[in-house]
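> Dropping a prediction and its sequence here:
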Amino acid sequence: MRKINQIIVHCTATRPDWWENKSINEQVKEVTRWHLDRGFSDCGYHFLVSRSGEVVQGRPVEKSGAHAKGHNSDSIGLAMFGGFGSDADDLATEHFTPLQLAATYDLIRKLQEQYGVKNENVIGHNRISSKSCPGFRVQKWLSGMKLSEATASKPERTKPRQSKTVKASAATIAASAGTAVTSLSGMNENAQYIILAFAGLTVLFGLYIMRERIKAWSEGWH
Ligand SMILES: [Zn+2]
């Protein structure tokens, strides 16, 4: 078995609805025909991923592919159907379906594990050629996938109104305002003004504390 150091991602540069009524096997056969016409001995890619996320093998992995000039001997080439008219810096989701991207991601991880390919050696064709293929930056896409996986496993952040410290501040404000209002009856006018001013200050101070706590919460202290 040859040593595999790289996984190179391609697209077939076909339109999204290309041969949509045909099976993935027929689609792969058609791509293989193009490659045979170009003088290749077999399909240039080792794996192809359909729009609905099916994975079909092209050329056996034991054999060098014909997909990336100068990199064929130690790489696996996989291609996703689609990518017509894409630019190198587009988003993966602009040209490929979620099912297709998920299947491609799984395939890449499986191949990495099986052949010991490092993360930094999973690249798009556009990293080693002037082509836009596969129509997005593979390294960037993969690091985005890792990030979303990491955040998905963390517990959901509590909302401000559910935070205990913020709730306590709100209760304090309500209580002081309530006390001030109930003690107003039966007092002379001057005392009422003083109490009202005091209650106002308490509310303002309470709001200030609450604002600080919300700020602290939003910075992660909760
Ligand atoms: Zn390519």
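Looks like it arrived, so ask away.
> Chain neighbours aside, what residue packs nearest to residue 133?
Distances taken as Cβ to Cβ, 6 or more residues apart in numbering place residue 125 nearest to residue 133, at 4.1 Å, with adjacent residues excluded. (Glycine included, C-beta is placed from N, CA and C.)
> In contact with residue 2: list those residues for me.
62, 64, 73-74 (Cβ atoms under 8 Å, 6 or more residues apart in numbering).
> sorry, back to before: just checking, the residue nearest to residue 133 touches residue 7?
No - taking contacts as Cβ atoms under 8 Å, residue 125 lies outside contact range of residue 7: 11.2 Å.
> quick one, strands of this protein?
For the chain, the strands defined by DSSP state E occupy 6-11, 47-49, 55-57, 75-80, 122-124.
> what are the pairing partners of the last one, and which direction each?
Put plainly, it is strand 122-124. strand 6-11 (parallel) (DSSP bridges).
> gap between residue 125 and residue 71?
9 Å (Cβ to Cβ, to the nearest Å).
> And residue 207, by the same measure?
Residue 207 is 63 Å from residue 71, by Cβ to Cβ.
> more neighbours, those two?
Using other Cβ atoms under 10 Å as the criterion, residue 207 and residue 71 rank with residue 71 on top: 19 against 13.
> re earlier: and the contacts of residue 2, which of them are buried?
Buried by 16 or more other Cβ atoms under 10 Å: residue 64, out of those.
> what bits of this structure have low per-residue confidence?
146-188, 192, 194-195, 198, 206, 208-222 (pLDDT under 70).
> please redo it, this time with the cut-off set to 80
145-222 (pLDDT under 80).
> care to break this structure down by domain?
Under the assignment automatic domain parsing, the domains of the chain span 6-150, 160-218.
> any idea how far residue 89 is from the nearest residue to residue 58 once chain neighbours are set aside?
Counting by Cβ to Cβ, 6+ apart, residue 58 lies nearest to residue 43, which is 3.5 Å off, once chain neighbours are set aside. Distance of residue 43 to residue 89, given as Cβ to Cβ: 28 Å.
> what about these two, which has more around it?
Between residue 43 and residue 89, residue 43 has the larger neighbour count (other Cβ under 10 Å), namely 25 against 11.
> contacting residues around that one?
28, 31-32, 35, 58-59 are the contacts of residue 43 under Cβ under 8 Å, 6+ apart.
> next one: residue 74
Residue 74 touches 2-6, counting by Cβ under 8 Å, 6+ apart.
> mind checking how far the residue lying closest to residue 27 once chain neighbours are set aside is from residue 96?
Once flanking residues are discounted, residue 27 sits nearest to residue 19: 5.3 Å by Cβ to Cβ, 6+ apart. Using Cβ to Cβ, residue 19 is found at 16 Å from residue 96.
> Repeat that for residue 58.
18 Å.
> try residue 31
Distance from residue 31 to residue 96, by Cβ to Cβ: 16 Å.
> again, but for residue 207
With Cβ to Cβ as the criterion, residue 207 and residue 96 are 50 Å apart.
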